[in-house]
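Visitor: fold the following, please.
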Amino acid sequence: MTDPVGADRSETRIHDVAIVGGGAVGLLLACLLGRRGRDVVVLERRTDPPPPGSPSRAIGVHPPGLKVLDHAGIGEAVRDRAVVIREGRVTCEGRTLGAMRFPRSGLVRSLPQREVEALLEERLGELPNVRLRRGVEVTGLRDRGTHVVVTGAAGDDEVAVPARYVVGADGVRSGIRSLIDARWRPRGRGATYVMCDTRDDTGARETALLHFEPTGVVESFPMPGGVRRYVARVRRRPSVLDAAAVAAIVEARTGQGFDTDAAGEPTAFDARQHLATPIAAGRVALVGDAAHEVSPIGGQGMNLGWMAAQHLDHELDAALAAGAPLDAFAGYERVRRAAATRAMRQAAFNMRMGAPVTGLRLRVRNASVRLLGLPPARSVLARAFTMRWL
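Guide: Numbers count the residues shown, from 1 in each chain. Here you go, the predicted model:
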């Protein structure tokens, strides 16, 4: 259930788990624990969920992530609302370098993160032992030995929430990460991209189109409602960012623009990679973007967070059944760090493949793409693209 802002601020009951952050990963973990009958409270800074039509960077639901959503009870609803991506096609200067058709068991689905979050919040409302408290700004953690007290504020009111375990699911700018003194270490180089959603006029409603052009990659993906998302790598953020600017980049590289009148508000973002050290400390664990920032190129971040939430669900349930010991997260730390490292390597590879390149390097890159599109490398690449290797 969801509590209105202003509802009872301080508590004496010790919850099983307090989750800080009510995004896609925090809500999923709450649903997973809630279906086990665990007493869970979710503390979310935002007073309201994202409104319909608001920007949503993450859209890819990969097969392993969908399985986790099945466990949470929203998998079928996601399937009903999402667009299926059955194949990917790579081109350069008008020539096809390779194509990949995904097996039925490995289909990727496209659904904006805000819609997944809405389904998760609806599911959470069906679980009487799980509460979502909005408008809570968490500012501190007090270790009491047998439990942790999460402190903060909701408006002018102080908040104190005791819980046997605390999970920071509060995103890239995680306050919980700072409170456990975890370092935020960069991994590799970043890159800048512009993104815009518009009407899909490509005629390729179930195909991801990847244009590996000499001046930088342009990717486009189908979305629900006859919409297509365009993402283009740029050397620097445009001084004027509007739909016409993004369409001009797309047309200059691919020869085909898009309808700017049907386009939404474009955004620019920097794709960076970081890993928290440690991911867990005492009774507190990090999950999702709070634990690792993975480049969105390749669509791995949200799904990686869901898979970590599933792992954490098992670890927390076992620890609570064993009397809530202090060292509950040793295995979680080891496994999730390894998984995040693999995901970052793949994301770094994706960014390198889409970097501007000319001359001999361009010819080598294109030859490599052609080889990756042939058996047996094609099946390996398909597993990597759909995250079935994690």
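
Visitor: for the rest of this, base every contact and every neighbour count on C-alpha atoms.
Guide: OK.

Visitor: host element of Arg229?
Guide: Using DSSP states H and E, Arg229 maps to strand 227-234.

Visitor: which other residues reach the next helix or strand after that strand?
Guide: As assigned by DSSP H and E, the chain's next helix or strand after strand 227-234 is helix 243-254. Here helix 243-254 makes contact (C-alpha atoms under 8 Å, 6 or more residues apart in numbering) with 93-94, 194-196, 211, 213, 215-216, 218, 232, 238, 256-260, 263-266.

Visitor: for the longest helix out of those in the chain, packing partners?
Guide: Taking DSSP state H as the criterion, the chain has its longest helix at helix 330-353. If contacts are counted by 3 or more C-alpha pairs under 8 Å, 6 or more residues apart in numbering; DSSP states H and E, helix 330-353 sits against helix 301-321.

Visitor: doesn't Ala290 make contact with Gly168?
Guide: Yes - using C-alpha atoms under 8 Å, Gly168 makes contact with Ala290 at a distance of 6.6 Å.

Visitor: run through the helices of the stretch 151-300 of the chain in chain order.
Guide: 175-179, 243-254 (DSSP state H, counting those that start in this stretch).

Visitor: winner for burial among those helices?
Guide: Highest mean neighbour count of these: helix 175-179, a mean of 21 (counted as mean count of other C-alpha atoms under 10 Å).

Visitor: for that one, packing partners?
Guide: strand 137-143.

Visitor: work out for me the element Lys67 sits within.
Guide: helix 63-72.

Visitor: okay, angle between that helix and helix 301-321 too, please.
Guide: Orientation note: helix 63-72 sits at an angle of 40 degrees relative to helix 301-321 (axes from the mean of the first three to the mean of the last three C-alpha atoms, to 10 degrees).

Visitor: let me see the mean pLDDT of helix 63-72.
Guide: Helix 63-72 shows a mean pLDDT of 96.

Visitor: can you give me how far it is from the chain middle?
Guide: 14 Å (C-alpha atoms, centre = their mean, to the nearest Å).

Visitor: pLDDT score for the residue nearest to Arg365 when sequence neighbours are not counted?
Guide: In this structure, Arg365 finds its nearest non-sequential neighbour in Met353, 7.2 Å apart by C-alpha to C-alpha, 6 or more residues apart in numbering. Looking at Met353, its pLDDT is 90.

Visitor: what do you get for Gly359?
Guide: Note on Gly359: pLDDT of 96.

Visitor: sorry, back to before: wait, which of the helices of the stretch 151-300 of the chain is closest to Met100?
Guide: Distance to Met100, taken as C-alpha to C-alpha, is lowest for helix 243-254 among those, at 19.8 Å.

Visitor: I'd like the average pLDDT over the closest one.
Guide: 97.

Visitor: didn't Ser105 look like it was pressed against Pro63?
Guide: Yes - with contacts counted by C-alpha under 8 Å, Ser105 reaches Pro63, the gap being 7.4 Å.

Visitor: same drill for the two, tell me which one is more crowded.
Guide: Using other C-alpha atoms under 10 Å, the more surrounded residue of Ser105 and Pro63 is Pro63, with 19 against 8.

Visitor: give me the nearest residue to the more buried one, chain neighbours excluded.
Guide: Gly106 (5.8 Å).

Visitor: what's the burial count for that neighbour?
Guide: Counted by other C-alpha under 10 Å, the residues lying close to Gly106 total 19.

Visitor: give me the pLDDT for it.
Guide: Reported pLDDT at Gly106 in the predicted model: 83.

Visitor: need phi/psi at it.
Guide: Phi and psi for Gly106, reported as degrees, to the nearest 10, are phi -120, psi 30.

Visitor: relative to strand 227-234, how tilted is the longest helix of the chain?
Guide: 80 degrees.
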